[in-house]
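Novice: Quick one, what's the 3D model for this:
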Amino acid sequence: MKVVVIGGTGLIGSKLIAKLNGHGHEAVPAAPSTGVNTLTGEGLAEVLKGASVVVDVSNSPSFEDDAVMEFFRTSTTNLLKAEADAGVTHHVALSVVGTERLQESGYFRAKRAQEELIKASGIPYSLVHATQFFEFVKSIAAAATEGDTVRLAPAKIQPIHSDDVAAAVGRTAVGNPVNGVVEVAGPDTFQLDELIRKGLAAKNDPRTVVTDPHAQYFGTELQETTLLPGPDARIAATRFTDWLAQQS
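Specialist: Modelled structure (predicted):
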């Protein structure tokens, strides 16, 4: 089948394209660099011709509250309209475990707005909620850094490797629409502060991680289980400690 991957040149998108093509599907990357712009609608009609499935793994270039909301609302609205015109029968979007519990954050409010547009579109859909990627340890630390201190809450987190996310999205894309949420997570649970401490130590990063229950995570305070998936989550195989060992 023809699968168009919006954000197909990024971290998850490029892995997804390779996996789908490797299984005999026609996976087409769609991004500004390939002539497709979901904010303006440029190139959408052409790339969607003959597509059965659209997978949206794109992300906003800005995480500022207004900008990220504008990105997801505009790009999703344009994309869904083009899909309806092209007769696409399955829309898959990658989102984040805990989105509905993180609504003090502008980013997660925008992701929820994206999901609501998808649910209301009338196009059969699947939402893949993934926990945070191993690769985002660096950006989580950066967002929580003040001087030489990284201040993080001891909330639990079950991070996942980006390869495993791409595999889960790929399986969902070629399956039947669930018209709901599929959760995916890594095999091990950490405290967030512990996870970042391990990640920084592996890179010989001199910053000190301080445990603070009131530390904000991208604009919102965390409860112990805010970032954890539910009991029906699909659990991936790759362990964080194994991935860390391969990075050095």
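Novice: So which residues make contact with the longest helix anywhere in the chain?
Specialist: Secondary structure of the chain per DSSP state H: the longest helix is helix 65-86. Residues outside helix 65-86 that contact it (C-beta atoms under 8 Å, 6 or more residues apart in numbering) are 6, 38-41, 44-45, 48-49, 51, 54, 56, 58, 60-62, 91, 93, 106-107, 109-111, 113-114, 117-118, 121-123. Every C-beta, even on glycine, is put in place using the N, C-alpha and C of the backbone.
Novice: Leaving out the residues flanking it, which one is nearest to K119?
Specialist: Once flanking residues are discounted, K119 sits nearest to Y125: 7.0 Å by C-beta to C-beta, 6 or more residues apart in numbering.
Novice: pretty sure that neighbour is touching T89, no?
Specialist: No. Y125 is not in contact with T89 according to C-beta atoms under 8 Å; the separation is 10.2 Å.
Novice: check contacts around the closest residue to G43 other than its chain neighbours.
Specialist: Using C-beta to C-beta, 6+ apart and skipping the chain neighbours, the partner closest in space to G43 is V36 (3.9 Å). V36 sits next to 6, 30, 42-44, 47 when contact means C-beta under 8 Å, 6+ apart.
Novice: ok so, going back, so of the contacts of helix 65-86, which ones are in strands?
Specialist: Among the contacts of helix 65-86, the ones falling in strands (DSSP state E) are 6, 54, 56, 91, 93.
Novice: Where neighbours are concerned, which of these has the most?
Specialist: The most crowded member of the ones in strands among the contacts of helix 65-86, judged by other C-beta atoms under 10 Å, is V54 (29 neighbours).
Novice: how near is that one to Y107?
Specialist: 22 Å (C-beta to C-beta, to the nearest Å).
Novice: ends of stretch 97-115, how far apart?
Specialist: 13 Å (C-alpha to C-alpha, to the nearest Å).
Novice: bridging residues for V150?
Specialist: T145, V209 (DSSP bridges).
Novice: wait, doesn't it sit right on V210?
Specialist: Yes. Here V150 reaches V210: they are 6.9 Å apart, a contact under C-beta under 8 Å.
Novice: Please identify which of those two sits among more neighbours.
Specialist: Just comparing V150 and V210: by other C-beta under 10 Å the higher neighbour count belongs to V150, 23 against 14.
Novice: dump the residue contacts of that one.
Specialist: 141, 144, 196, 200, 207-210.
Novice: can you do 7 Å?
Specialist: 141, 144, 196, 207-210 (C-beta atoms under 7 Å, 6 or more residues apart in numbering).
Novice: Only the buried subset of the residues you listed, as a PyMOL command please.
Specialist: Only the buried entries of those go into this PyMOL selection, using 16 or more other C-beta atoms under 10 Å:
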select buried, resi 141+144+196+207+209
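Novice: Look at E135 and say how many residues are nearby.
Specialist: 16.
Novice: Provide a list of residues in contact with the residue nearest to it when sequence neighbours are not counted.
Specialist: Using C-beta to C-beta, 6+ apart and skipping residues adjacent in sequence, the residue nearest E135 is S162, 5.5 Å away. By C-beta under 7 Å, 6+ apart, the contact set of S162 is 11-12, 15, 133, 135.
Novice: hmm, try it at 8 Å
Specialist: 11-12, 15, 133-135 are the contacts of S162 under C-beta under 8 Å, 6+ apart.
Novice: Return the entry from the residues you listed with the maximum number of neighbours.
Specialist: For these, the largest number of neighbours (other C-beta under 10 Å) sits with I12, at 26 neighbours.
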